[in-house]
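Student: the following block contains a protein sequence and its predicted model.
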Amino acid sequence: MTSPDTALLPPASSAPPADLPADLPAVAAEPVVPGAQVEATALVADGVSVSYGASDVVHAARLELRPGRVTALVGPNGSGKSTLLRTAARLQRARAGTLSLEQQPLQQAEASAAPTDGLALSVRDFARHVALLTQGRPVPSGLSVRDVVQFGRYPHRGRWGRADPGGAAAVDRALQLTGVADLAERGVDQLSGGQLQRVWLASCLAQQTGVLLLDEPTTYLDLRYQVELLDLVRDLADESQIAVGVVLHDLDQAAALADTVVLLHEGRVRATGTPADVLTPDLLSEVWGIDIEVDTDPSTGRLRTRAVARHHTRTERLHP
C-alpha cells in the first residue's frame, strides 16, 4: 500500500486525448465483450484525510464498496461526502490514506485475488475498474447524444485509434438503460438538464466498470426520472454485481436504495451500517441540528424521515 506522504494523489494527467473535449468522464474501463459480465470489483479507501489549505475537510475516513451492494453517502452540506467520493476516484488530492481494489470471483469456489494498490496503477489501468459521474458537467456543443455516450469508450480504442469491437453494443445498451435511445441523434445542446444528466450517466455505463461512483445523480431530474435512475442503480448492483457508491441528499432515497449508509459530519464518518442502524432520530438530529423523526412506512416496510419545522405545529392555518 502507499505511504501517507503519497497516498491518494491524483493521476499526473487525467485529460483525454487532445482531439476530445476536456470535460470527458473522468475514468473508463477495459473493453468488454457484449453480453459478458463485468468483473466484480471491491474498492476500499481507508484513512483518507483531505486538506484545503491548512485545514482538513475530511478526517481519516473509510469508504468500503463491495460488489452487488449500494453504499449511500449522506450528510449536511459541507460534510465531505463529495470530497470523499472524488478522492476514491483519484480525482481529489489527499494528505493521507490508502486505496485498494480487489477482484472478486464470480464463482464461489474460486479464491479472491490479492488486493491491488489502486494508487500504484496507471490512470488507464485504474480506469478499467472505476467510473465516476460528477456534478455540474458542461453542455458540449455540436455533438449528438451518441457522440457524448461514446466518450465513455475512448480509452478502449487505445492511443492510436485501435478498434473497439464491443463499443457499439456497449453504447447502445447504455442508451437503452438510461432511457435516452430515442434521443441518440439529437444534439445535446437541445436537451433539458435532466436529459443531459442521463446522457452523462449513459457515458459512464458504456465504460462497463466493476465500480460505479455517482455524485448526487438525481440533481436536475424530475420525480419520475429520479425514481427510474435509482431503480437502474439498484438493478446494476443486483443483476450485474456492480459496486456502487452514491452521494444523496434525500434520506428517504438513501433508506430505500442502499445496503449500507455512510453518515458524514464535519468531514468525519459519524456512522456506517445498514439504513436502520444509521438513520436513527438521535443520530440524524445530532448531525443536522434539527429534530428529525424516523418511522417505518406500513405499506413498504421502508424507513422514512421527517424534519420537524416550526410550521408543522401551526395548526391554526388548517383549523382557523
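Tutor: Perfect, thanks for sending it.

Student: please count neighbours and contacts with C-alpha atoms only from this point.
Tutor: Noted.

Student: distance from the chain centre to the worst-scoring helix or strand of the chain on mean pLDDT, please.
Tutor: In the chain, the helix or strand scored least confidently by mean pLDDT, DSSP states H and E is helix 123-127, which has a mean of 82. Centre-to-centre, helix 123-127 and its host chain are 17 Å apart (Cα atoms, centre = their mean, to the nearest Å).

Student: can I get it in PDB? Just the C-alpha atoms.
Tutor: Extracted in PDB, the C-alpha atoms of helix 123-127 (Å, rounded to 0.1, in the frame of the first residue of the first chain):
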ATOM      1  CA  VAL A 123      -4.600   6.200 -15.000                       C
ATOM      2  CA  ARG A 124      -5.700   3.800 -17.700                       C
ATOM      3  CA  ASP A 125      -5.400   0.700 -15.500                       C
ATOM      4  CA  PHE A 126      -7.300   2.300 -12.700                       C
ATOM      5  CA  ALA A 127      -9.900   3.400 -15.100                       C
END
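
Student: who are the packing partners of it?
Tutor: If contacts are counted by 3 or more Cα pairs under 8 Å, 6 or more residues apart in numbering; DSSP states H and E, helix 123-127 sits against no helix or strand.

Student: sheet-wise, list the partners of the helix or strand following it with their directions.
Tutor: Counting by DSSP states H and E, the element after helix 123-127 in chain order, helix or strand, is strand 130-133. Pairing partners of strand 130-133, with direction, according to DSSP bridges: strand 211-215 (parallel).

Student: could you list the low-confidence segments of the stretch 101-250 of the chain?
Tutor: For the stretch 101-250 of the chain, residues meeting the criterion pLDDT under 70 lie at 105-113, 155, 158-162.

Student: what residues sit buried inside the least confident helix or strand of the chain?
Tutor: 123-124, 126-127 (16 or more other Cα atoms under 10 Å).

Student: same question, stretch 291-298
Tutor: Buried residues in stretch 291-298 (16+ other Cα under 10 Å): 292-294.

Student: same list (these) but as CSV, adding pLDDT and distance to residue 205.
Tutor: Listed next are the buried residues of stretch 291-298 as CSV, based on pLDDT from 0 to 100; distance: Cα to Cα, whole Å:
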residue, pLDDT, distance to residue 205
292, 96, 36
293, 95, 36
294, 96, 34
